[in-house]
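Participant: Model the structure of this input:
(3 chains)
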Amino acid sequence: MKTYAKPPAKEWDHDASTTARAGADPLLEVRHVAKRFGGREVLRDISLDVASGEFLTILGESGSGKTTLLRLIAGFEQPSNGEIWMSGERLDTQPPYRRRVNTVFQSYALFPHLTVAENVAYGMRVQGVPRAEIPPRVAEALAMVKMSASAETPPARLSGGMQQRVALARALVNRPKLLLLDEPLSALDANLRRQMQTELKALQREIGITFLFVTHDQDEAMALSDRIALLRAGALEQIASPREIYNSPTSAYTAQFIGQTNLLTAQVSGGTARAGCLLWPCAAPEGPATFSLRPEHIRLVDGASGGNPASCRFRAKLENQTFCGSTDMLEIVSPDGQHLRVRVPSRGILEDEVDLEFSAKDCVRLRDAGSS
Amino acid sequence: MYSRAYKLAISLPPLAWVTLFLLAPYALMFMHSFWTVQDNQIVHTWSLNNYAKLVASPVYVQVLLRSMWIAARVTLFALLLGYPLAYFLSFHAGPRKELLYQLVIVPLWVSYLVRGYAWKTILGGDGVLNGLLQFLHITQHPVEFLLYSPFAVVLTLTHIYTPFTFLPIYASLEHIPRNLVEASQDLGASPRATFWRVILPLSVPGLLAGATFAFVLTLGDFLAPILVGGPGGTMISNIVQTLFGAAYQWPLGSAIAVCILVLVLGLLFATERVERKWTFS
Amino acid sequence: MSAAAPQPRTKAGGLGIYAAAVFAFLYFPIVVLVIYSFNGAGVGGFPPRNLTLEWYRILFSDRAIWDAVLNSVIVALAAVMIALSLGLPAALALDRVSFPGKALFRRLVLLPLILPGIITGLSLLMFVRYTGQKLSLLTVILGHGTALISVATTELFAGLQKMDRAQEEASLDLGANYWQTFWRVTLPNLSLPLAAAGLLIFTLSMDEIAVTFFLIGRDNTLPLEIWGRLRRGMTPEINAISTLIFIFSVALILFWYHLRTRGQSSAEPLLAAEPESFQGKLR
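Facilitator: This next block holds a predicted model:
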């Protein structure tokens, strides 16, 4: 389905939702961009490409620099180093109002002194779009986000979700090449948030504009994106499709940030990896290595022996069993004292001792040992 | 995110105006204080003669001290009136808080002159108060000491500056999170202890700001002494005003003005430092 | 002293009486002033006798007073124009530009707010004389306008601080340049603080006397006209004009208060109603 351990950028997962619109040349190129505020380094040597029509999510904890990266692209901040290019033109030297990039702000930033329709018309007004052209485009944009009924309302009277839609229409009506979304759903409650995610994804597919989406919510990133760029303390940790970043994280940080995982510290020798009492076949180079093993990749089996040679079977003590609806989360301790988490389909209360198994292919070797 | 041109456009006009019409005049006053008068002409020879004259002459020092004494009393009275009022409004006024607050604001906005004049009509020899005293047969003859005395100046200025003192105190009291008061009570402090140990310390910045207002504004006042002060109520700014008016003694007047300025700025600097020490957020 | 929680009113009773006494002190002179404006027997004495509207009749036919009122209005309007048109860029600059000497600039702008008026007035007097100009209403306008930039700057700066910066970013993002953004977003967002500051400056200028005292030429403003008459002898006509000034001031405050509290959250309506300039945070 996809290549394994590939070099960063340029190619991504085509299997899920990506349309074939992606061109050969990237729409946006961020080249070695760094940003310092005073002496504080907020972004360090960021390079990434965004293809035309792509939905790229910049994911990271608060303080990872993701919003700063977005503001550099929008033009509200200047990079301390590096360049940003869009469609073969230098972008970072342009003032924000000359960039064919529009932003959906976290707080929406709707103009309180203008009505919904006037908010949407704002961009076209200031850019001198012929007057006759404006009302139909406003109507079209409001219809697109299902807000036609509120055209003459002041934005302060709208709910958060409705303001969100207006902010989207206000940005999209200008037909930007690239739409930046700064945690646009973070102010909404859980249900509305899921609904808006679905709509946002459908909208992006329909209009085919490139989306650059910033969030700290990994589930949201997984649900929406063609690719995810994971930022960590101002540096790019990994950029890949949701599937790849989940299944093949390159670092312990990625493995732990995106979903849950078990980190196994192992020694590889003679085609076998050994982590305490756990042994599995492994083609990695000799020496110490860290592996990520997802909780759902460990299975409950009957009996401690048997199974195929490409897997590892072991008996462990059950410390804790937590019911999570369709699954149970088990906390277990191997005979040599390794604590592991296991996710299995829900069942009744288990014995104190359980037999478990995982496949060698599910142990993903990580680039570094990680810190967290 | 703002362009260079934008920054220049918003910085230069106010900078230029303020430099020309504020900084330059202040500087001119400062320079005058080092110049001298010869044959009714100001001569641009630099000397400290004016300051020497101030220090040497007991009159100036005496009036300055009297002005500071009047300012100190006005400050004290304004605090004694303003603080309890602010405390009452902030913590005990209940639903009438807003109305009462506006009632304090109103006198603040009433013209200085109107209030000074009102006291003049009240305190005068044939004024309202004397009329009342005689009407009630408490006195047979008008009581003359009421008007044209330091007392009248202190009373009038206290009346004028109490709302000024009230405002910053009230603001700082309003900013005290109410859960701190509850926490203090929860920990067993009596209302009295809560006031002295929590509320008063947290309102120190407002208290200082209010006190500074009253002191500085009184010290520089020259209208109330003319209006209600009489000879005994003459203050330092009256001397400055006289030197500039009739006597045409700009350099000497400037020297006194500079002294007032230094005093005021020194006081502001000092209270600012203390205030910062008492600001905790 | 009792604490904040709802408590029996008696606990704060003593304090309440004290507060009432302070209110009485604050209002006593004003009440006297108003009553005696109807007193047929002059500005003093007790009780007021021969209640009459005569003083108001004299007042309304007093040309000099109304000329002074007109002068005051002209000065105040001009001062509002000057103070706002310089205070707005000054507030913007303090909010978003860093330049050498910015702290000094801030203090300098705000200085007339805390300095005794006599110092600002005399400095300007020397400056005007030094540049060979004649004293006139123009010099008074210059003095008021310059001194009141401080008020405009503090009020508008506070307004800017409350404004969502993303508003301007959104405008730039949508293709408006800095100029368009200023007119279409920044200014409309500041319309309430601008109106409130303008009203405040107008009122302060109408009442100003310390700076005016030194800069006045042949044409009097209202406070100086009254000042001159006080020295010549007092009649209840002055009470009458004072009463009108009082009513006018109260009307302006109510209007100003209305402006300041409009659109404010109800969480802190009281502080919202306070002139930033008077909060003691001038320095």
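
Participant: Can you check which helix is longest in chain A?
Facilitator: Counting by DSSP state H, the longest helix found in chain A is helix A:190-207.

Participant: Show me what that helix is packed against.
Facilitator: Here helix A:190-207 touches helix A:160-172, helix A:218-224, going by 3 or more CB pairs under 8 Å, 6 or more residues apart in numbering or on different chains; DSSP states H and E. Every C-beta, even on glycine, is put in place using the N, C-alpha and C of the backbone.

Participant: Rounded mean pLDDT for the helix or strand containing residue B:205, please.
Facilitator: Assessed by DSSP states H and E, residue B:205 sits inside helix B:204-219. The average pLDDT within helix B:204-219 is 91.

Participant: same thing with stretch B:182-198?
Facilitator: 82.

Participant: How about it and chain C, touching?
Facilitator: Yes: under the criterion of CB under 8 Å from any CB of the partner chain, chain C is reached by stretch B:182-198 at B:182, B:184, B:185, B:191, B:192, B:194, B:195.

Participant: which of these lies closest to residue B:6?
Facilitator: Ranked by distance to residue B:6 (CB to CB), the residues of stretch B:182-198 next to chain C are led by residue B:182 at 48.0 Å.

Participant: Residue B:189 versus that closest one, what's the distance?
Facilitator: Distance, residue B:182 to residue B:189, by CB to CB, to the nearest Å: 11 Å.

Participant: For the two, indicate the residue with more neighbours.
Facilitator: Higher neighbour count among residue B:182 and residue B:189: residue B:189, with 17 against 14, using other CB atoms under 10 Å in any protein chain shown.

Participant: ok, and the closest non-adjacent residue to that one?
Facilitator: residue B:197 (6.5 Å; CB to CB, 6 or more residues apart in numbering or on different chains).

Participant: Touching, the one you found and residue B:184? I think so.
Facilitator: Yes: here residue B:197 lies in contact with residue B:184, judged by CB atoms under 8 Å, at a distance of 7.0 Å.

Participant: more crowded one of those two?
Facilitator: Legend: neighbour count by other CB under 10 Å for residue B:197 and residue B:184, higher for residue B:184 (20 against 13).

Participant: where does whichever residue of the stretch 1-150 of chain B sits closest to chain A land in three-state SS?
Facilitator: Relative to chain A, the nearest point of the stretch 1-150 of chain B is residue B:1 (4.5 Å; CB to the nearest CB). With DSSP: H, G, I helix; E, B strand; the rest coil as the basis, residue B:1 sits in coil.

Participant: show me what contacts it?
Facilitator: A:75, A:76, A:77, A:96, C:169, C:172 (CB atoms under 8 Å, 6 or more residues apart in numbering or on different chains).

Participant: Now do the contacts for the spatially most central residue of chain C.
Facilitator: Centroid check for chain C by CA atoms, centre = their mean gives residue C:204 as the closest residue, at 2.7 Å. Residues in contact with residue C:204 (CB under 8 Å, 6+ apart) are C:148, C:151.

Participant: Check which residues of the helix or strand it falls within are buried.
Facilitator: Secondary structure assigned from DSSP H and E places residue C:204 in helix C:191-207. For helix C:191-207, a neighbour-count test (16 or more other CB atoms under 10 Å in any protein chain shown) marks C:192-207 as buried.

Participant: again, but for stretch A:343-350
Facilitator: A:343, A:344.

Participant: Mind listing residues that contact stretch C:249-257?
Facilitator: With contact meaning CB under 8 Å, 6+ apart, stretch C:249-257 is reached by B:102, B:105-106, B:109-111, C:196, C:199-200, C:202-203, C:207, C:273.

Participant: and with 6 Å instead?
Facilitator: Contact with stretch C:249-257 is made by B:106, B:109, B:110, C:196, C:199, C:203, C:273, as judged by CB atoms under 6 Å, 6 or more residues apart in numbering or on different chains.

Participant: and the closest residue to chain B within the stretch 1-150 of chain C, what is it in contact with?
Facilitator: Residue nearest to chain B within the stretch 1-150 of chain C (CB to the nearest CB): residue C:116, separated by 1.8 Å. By CB under 6 Å, 6+ apart, the residues touching residue C:116 are residue B:220.

Participant: next one: residue A:188
Facilitator: Here residue A:188 is in contact with A:160, A:161 (CB under 6 Å, 6+ apart).

Participant: No more questions from me, cheers.
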